[in-house]
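J.: Provide a 3D model corresponding to the input given below.
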Amino acid sequence: MPLPQLADVLATLDITDCGHDMFVATQIDNEAHHIIGGHISAQALMAASRTAAGRVPNSLHVYLLRAGDARYPVEMQVMNMRDGGMLSTRRVIARQGDEVLLEALVSLSDTADTVDYHQPMPDVPAPEDLPSVGELLSDYADELDGFWVKPQWIERRYVDAPPRLALDQPEPPERTRMWWRPAESIPNDPVLNCCVLTYASGTSLLETTVTMRRTTQATAFSALIDHTVWFQRPADLSDWVLSDQVSLSGIHGRGLASGTMYNRSGELVCSATQEIYFGRGRI
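T.: Numbering: from 1, shown residues only. Here you go, the predicted model:
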């Protein structure tokens, strides 16, 4: 089955409004029929944002409770917890049938003129000076039906070794830094921007965790347990975005990873943290 492309991602982020703060979200199917944690988190963020017109997400906190089945849509119920002078808070519950798949809290805000500051962007090579994924992983092109070099909905340029390449190195890299951008242009919408960042962080943080575990995302069982994103400013998705990621710990079958993303100009875009389960039994 082909990997999802940008058109698939954008189509499924355009969730259906059923009225009364209820939404239906179509999933992206795959061979395992597993709902992608970063994707459904982005859909929950979109649902919450649809009920707070004029405000932009500033944080998302998601607990993923069950895997669900990607062949079927997901119903999302949004509850208005608070509308204040600057901040709105929404709770989102995602269900398939009688089973709750996800619960999320979303904070949305207005803009304000205040003092801005952030940690500087790491000093890394420009994306134009780095090989494409196809060039970097050409020696592994025949593995897993070409998985490593298949086109994806985002393009990537790795500063540090990606998971498959790291397997053949004596020690895994301490960080996974990579430039990424959507494979094609996307609408310049601040809420959609946050949703794309949510999906991208959900998948990219997995890479630094499997790298430290000396495995890969294509061969290891994994399930996203929880995912949190703080949105500082919109990403310039017409250009490359740098993701600087580290896996902080791995214990009892759980991997904890954290990352920050920057525009090419050095502006901090978002910060994300997630915990992923790698055990073989029931979660």
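
J.: tell me who's in contact with L64.
T.: Contacts for L64 (CB atoms under 8 Å, 6 or more residues apart in numbering) come out as 37, 40-41, 101-102, 223-227. C-beta here means a position set from N, CA and C on the backbone, and glycine is covered the same way.

J.: apply 7 Å and report the result again.
T.: 37, 102, 224-226 (CB atoms under 7 Å, 6 or more residues apart in numbering).

J.: tell me which two of these sit farthest apart.
T.: Distance extremes for these: the farthest pair is L102 and I225 at 11.1 Å, using CB to CB.

J.: run a quick neighbour tally on the residue lying closest to L224 once chain neighbours are set aside.
T.: Distance criterion CB to CB, 6 or more residues apart in numbering; nearest residue to L224, sequence neighbours excluded, is G37 at 3.0 Å. Using other CB atoms under 10 Å, G37 has 26 neighbouring residues.

J.: state the distance from G37 to A70.
T.: Distance, G37 to A70, by CB to CB, to the nearest Å: 11 Å.

J.: for stretch 218-227, list the C-alpha coordinates in CSV.
T.: The C-alpha coordinates for stretch 218-227 follow below in CSV (Å, rounded to 0.1, in the frame of the first residue of the first chain):
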residue,chain,number,x,y,z
ALA,A,218,9.4,0.3,9.7
THR,A,219,10.3,-2.8,11.7
ALA,A,220,9.3,-2.0,15.3
PHE,A,221,5.8,-2.2,16.8
SER,A,222,4.9,1.2,18.3
ALA,A,223,1.8,3.0,19.5
LEU,A,224,1.7,6.7,20.4
ILE,A,225,0.5,7.1,24.0
ASP,A,226,0.4,10.9,24.4
HIS,A,227,1.4,13.9,22.3
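
J.: ok, and for it, which residues are buried?
T.: Within stretch 218-227, the residues that count as buried by 16 or more other CB atoms under 10 Å are 220, 222, 224-227.

J.: of these, which is the nearest to L242?
T.: H227 (19.9 Å).

J.: so which of the contacts of L64 sits lowest on pLDDT?
T.: The lowest pLDDT within the contacts of L64 belongs to L224, with 91.

J.: secondary structure element holding it?
T.: L224 is part of strand 223-231 when elements are defined by DSSP states H and E.

J.: what is the neighbour count of N80?
T.: Summarising burial for N80: neighbours were counted as other CB under 10 Å, giving 13.

J.: tell me which element it falls in.
T.: Counting by DSSP H and E, N80 is found in strand 74-83.

J.: against which helices or strands is that strand packed?
T.: strand 22-25, helix 37-50, strand 87-96 (3 or more CB pairs under 7 Å, 6 or more residues apart in numbering; DSSP states H and E).

J.: give me the contacts around the first one.
T.: It stands for strand 22-25. 12, 15-18, 43, 47, 50, 73-77.

J.: quick one: it to chain centroid distance?
T.: 20 Å (CA atoms, centre = their mean, to the nearest Å).

J.: after the helix or strand bottoming out on mean pLDDT in the chain, which helix or strand is next?
T.: When the helices and strands of the chain are scored by mean pLDDT, DSSP states H and E, helix 163-166 comes last with a mean of 87. Next helix or strand after helix 163-166 toward the C-terminus (DSSP H and E): strand 176-182.

J.: beyond that next one, next helix or strand please.
T.: With DSSP H and E setting the assignment, the helix or strand that follows strand 176-182 is helix 190-212.
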